[in-house]
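Enquirer: Model the following, please.
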Amino acid sequence: MDEKLKVYDDKMNKTIASLEGELAAIRAGRANPNVLNKIMVNYYGTPTPIQQVANVSVPEARMIHIQPWEKSMVKEIEKAIMTSDLGINPTNDGSAIRLAFPELTEERRKELAKDVKKKGENAKVAIRNIRRDGNDTLKKLKGSEVSEDEIKDLEDELQKLTDKFIKEVDKAVEAKSKEVMTV
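Expert: As a prediction, the model looks like this:
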């Protein structure tokens, strides 16, 4: 790959990584510890991810068990989960927290699938914006020591790169939509 395009390849890879992170946080029918990734707990005045203050496990398909390393963190974790947009009430037994995931309704599954598609569209827009920035940069090379043919070749290569990443987005969205719609 040409050095001039490397920076755009990196940006597109970051877009895909960001999309995968967002999709992992969308809960499908099964309990997935990744839904806790964005939830921060007040740990001695510092916002900290739950996974850094507790042991998170999935003992059953629809249950997440959170065992804080310090008993004093139980209330903080419970509060953080309740104020998040997770939509699940934690059960606190004094030393650990359980999150029971109810069966998703058909309507909720469709909403989640729409949300997945929307996140996919946002990622595609981001990738196309990166391509546009790349094309603008390549057009500015005209008149320098880079020939018009080379610029055209670089634009074609950038388009192929864009197409490759758009396909990756489609694949990720399709896989997550399928996961969400599976009962």
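Enquirer: drop to CA atoms for contacts and neighbour counts, all remaining ones
Expert: Fine.
Enquirer: residues in contact with A80?
Expert: By C-alpha atoms under 8 Å, 6 or more residues apart in numbering, the contact list for A80 reads 39-42.
Enquirer: top of these by neighbour count?
Expert: V41 (23 neighbours; other C-alpha atoms under 10 Å).
Enquirer: Give me the phi and psi for it.
Expert: Dihedral angles of V41 (phi, psi; degrees, to the nearest 10) stand at phi -110, psi 140.
Enquirer: Run through the residues that contact it.
Expert: V41 neighbours (C-alpha under 8 Å, 6+ apart): 47-50, 76-77, 80.
Enquirer: Just the ones in helices from the residues you listed, please.
Expert: 76-77, 80 (DSSP state H).
Enquirer: can you redo those as a markdown table with pLDDT and distance to L104?
Expert: Compiled in a markdown table, the ones in helices among the contacts of V41 are given as follows (pLDDT from 0 to 100; distance: C-alpha to C-alpha, whole Å):
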| residue | pLDDT | distance to L104 |
| --- | --- | --- |
| E76 | 87 | 27 |
| I77 | 87 | 24 |
| A80 | 87 | 23 |
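Enquirer: just curious, which of the residues you listed is nearest to D149?
Expert: A80 (56.8 Å; C-alpha to C-alpha).
Enquirer: tell me the SS of K38?
Expert: coil (DSSP: H, G, I helix; E, B strand; the rest coil).
Enquirer: and the gap between it and V7?
Expert: Going from K38 to V7 by C-alpha to C-alpha, to the nearest Å gives 28 Å.
Enquirer: who has more neighbours, these two?
Expert: Higher neighbour count among K38 and V7: K38, with 16 against 13, using other C-alpha under 10 Å.
Enquirer: which ones are touching the more buried one?
Expert: So K38 contacts 25, 49 (C-alpha under 8 Å, 6+ apart).
Enquirer: Ok, K176 next?
Expert: K176 neighbours (C-alpha under 8 Å, 6+ apart): 23, 113, 116.
Enquirer: And the nearest residue to A54 once chain neighbours are set aside, how far from I81?
Expert: In this structure, A54 finds its nearest non-sequential neighbour in P68, 3.8 Å apart by C-alpha to C-alpha, 6 or more residues apart in numbering. Note on P68: its distance to I81, by C-alpha to C-alpha, is 13 Å.
Enquirer: Helices of this structure, start to end?
Expert: Under DSSP H, the chain gives helices at 3-25, 73-83, 106-140, 148-181.
Enquirer: tell me the domain ranges of the chain?
Expert: 3-24+105-181, 31-100 (automatic domain parsing).
Enquirer: rank those domains by pLDDT, which is bottom?
Expert: The minimum mean pLDDT among the domains of the chain belongs to domain 31-100 (a mean of 85).
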